[in-house]
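Enquirer: can't give you the sequence, but here's the structure:
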């Protein structure tokens, strides 16, 4: 028997814990732990999963810190700091001893220093570390800035801006982060989340429901052409469907999973299929890298029964959890589902599902 503990955030006032028994194929709720309002995005400390951070995705946004026991008991909030803006939809701990939080509605974000304990925010002023992303002058997806993620890459932070059709590049100088470059994205595409595979930047575009791949441009403000752009929408869609890309995962290569498959979640924000097929997770492979034939190849579309998949996460390699992927929708009542990665990761097989909590939006494996 192998037990895994998984934490889950959502649009509520608690962080949930789940116990997944991979042998028995069961997923049960272990607890519901009071947090601030709408902890929609949760993320662990750097190299320390006894620390957890959670956004409060509210008009007056905030970031909270918690301690976590190995069996998934979450403390009351240790510290809370203002996000400096409206509706933070993403946060992440950085190797620099800081935490980044991005405010979707107000077009800004903060890079907040952490104390040595990783739990206390050093907040000298609300405006400290606030980065305001420019309102685009050219016609774009939404004509305003909507930063949706922050990804640390070397000495930089990449921030996909859904409203501005751009990925901002941030660099640090004497502890202060500033915009030093940008990576333009296709017009009206709405770049939402990104991942890096080798020297390639992969972007899931919410509004266009596409996945793109391009070389990472040179620092600080180089350019690169998009190598390939593919739809992530399944061929068979119900009448009235309206898709929006969400999450992208690229687990690292291991002896068991030798191909770095790319997992992308679709969200049907329109009419769901009455048959209950729900939204799909599209699985791609980047093939012929470095040749004129380099491209994104669709391997599988796995239908989940979920409604608007926003959050999904793969387990940890060190305890064998990377065999599994957990996902949930942000709407409906289909709950949370765990899949086993099969056929070398090119397919997903449902192992367990829990309906006790109808929706969840983000996960952390312990």
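Expert: Thanks, I have it. Please read these numbers as outputs of a predicted model, since none were measured by experiment.

Enquirer: where do the strands sit along the stretch 251-366 of the chain?
Expert: Per DSSP state E, counting those that start in this stretch, the stretch 251-366 of the chain carries strands over the ranges 262-268, 280-287, 295-303, 307-314, 324-331, 336-342, 347-354, 362-365.

Enquirer: What mean pLDDT does the fourth one get?
Expert: In other words, strand 307-314. For strand 307-314, mean pLDDT is 95.

Enquirer: related to what we said a few turns ago, can you put the strands of the stretch 251-366 of the chain in TSV and add mean neighbour count?
Expert: Where you see a C-beta, it was placed from the backbone N, CA and C, and this is true even at glycine. Converted to TSV, these look like this (neighbours: other C-beta atoms under 10 Å):
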stretch	mean neighbour count
strand 262-268	26
strand 280-287	21
strand 295-303	17
strand 307-314	24
strand 324-331	24
strand 336-342	21
strand 347-354	18
strand 362-365	23
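
Enquirer: what sits against the nearest residue to residue 51 once chain neighbours are set aside?
Expert: Spatial nearest neighbour of residue 51, excluding adjacent residues (C-beta to C-beta, 6 or more residues apart in numbering): residue 45 at 3.1 Å. Applying C-beta atoms under 8 Å, 6 or more residues apart in numbering, we find residue 45 in contact with 51-53, 93, 118.

Enquirer: Return the member of those nearest to residue 170.
Expert: residue 93 (15.5 Å; C-beta to C-beta).

Enquirer: wait, doesn't the closest one sit right on residue 49?
Expert: No - using C-beta atoms under 8 Å, residue 93 is not in contact with residue 49, being 10.8 Å away.

Enquirer: So which residue is smack in the middle of this structure?
Expert: residue 247 (5.2 Å; C-alpha atoms, centre = their mean).

Enquirer: Can you report how many residues lie near the residue nearest to residue 75 when sequence neighbours are not counted?
Expert: Spatially, and ignoring its direct neighbours in sequence, residue 75 is nearest to residue 67 (4.4 Å; C-beta to C-beta, 6+ apart). Counted with other C-beta atoms under 10 Å, residues neighbouring residue 67 total 18.

Enquirer: Would you agree residue 67 is in contact with residue 76?
Expert: No - the criterion here is C-beta under 8 Å, and residue 67 misses it with residue 76 at 9.3 Å.

Enquirer: buried sites along stretch 76-84?
Expert: Neighbour-count burial for stretch 76-84, counted by 16 or more other C-beta atoms under 10 Å, picks out 77-79, 81-84.

Enquirer: Same question for stretch 38-51.
Expert: 38-46, 49, 51.

Enquirer: Turn those residues into TSV, columns for pLDDT, distance to residue 257 and secondary structure.
Expert: As requested, those are exported to TSV (pLDDT from 0 to 100; distance: C-beta to C-beta, whole Å; DSSP: H, G, I helix; E, B strand; the rest coil):
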residue	pLDDT	distance to residue 257	secondary structure
38	98	34	coil
39	98	30	coil
40	98	29	coil
41	98	26	coil
42	98	25	strand
43	98	23	strand
44	98	22	strand
45	97	26	strand
46	94	24	coil
49	94	21	strand
51	98	28	strand
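
Enquirer: who's in contact with the residue nearest to the centre of the chain?
Expert: 193, 204, 263-265, 309-312.

Enquirer: Report the separation between it and residue 362.
Expert: According to C-beta to C-beta, to the nearest Å, residue 247 stands 9 Å off from residue 362.

Enquirer: burial measure for residue 200, as a count.
Expert: 18.

Enquirer: Tell me the confidence at it?
Expert: 98.

Enquirer: ditto for residue 137
Expert: For residue 137, the predicted pLDDT is 72.

Enquirer: So what does it look like in phi/psi?
Expert: Residue 137 adopts backbone torsions of phi -90, psi -30, taken as degrees, to the nearest 10.

Enquirer: Is it correct that residue 265 is in contact with residue 310?
Expert: Yes - with contact defined as C-beta under 8 Å, residue 265 and residue 310 form a contacting pair (7.2 Å).

Enquirer: Now do the shared contacts for these two.
Expert: The contact lists of residue 265 and residue 310 share 246-247, where a contact means C-beta under 8 Å, 6+ apart.

Enquirer: Quick check: mean pLDDT of stretch 353-366?
Expert: 98.

Enquirer: Which of the three states applies to residue 91?
Expert: strand (DSSP: H, G, I helix; E, B strand; the rest coil).

Enquirer: List the single closest residue to it in space, sequence neighbours excluded.
Expert: residue 101 (4.2 Å).

Enquirer: likewise residue 136?
Expert: Closest to residue 136 by C-beta to C-beta, 6+ apart is residue 164, at 4.4 Å.

Enquirer: any idea how far the one you found is from residue 145?
Expert: In terms of C-beta to C-beta, residue 164 sits 5 Å off from residue 145.

Enquirer: what is in contact with the two at once?
Expert: Counting by C-beta under 8 Å, 6+ apart, the residues touching both residue 164 and residue 145 are 133-136.

Enquirer: Could you pull up the residues touching residue 56?
Expert: Taking C-beta under 8 Å, 6+ apart, one finds 35-39, 62-64, 80, 83, 88 in contact with residue 56.
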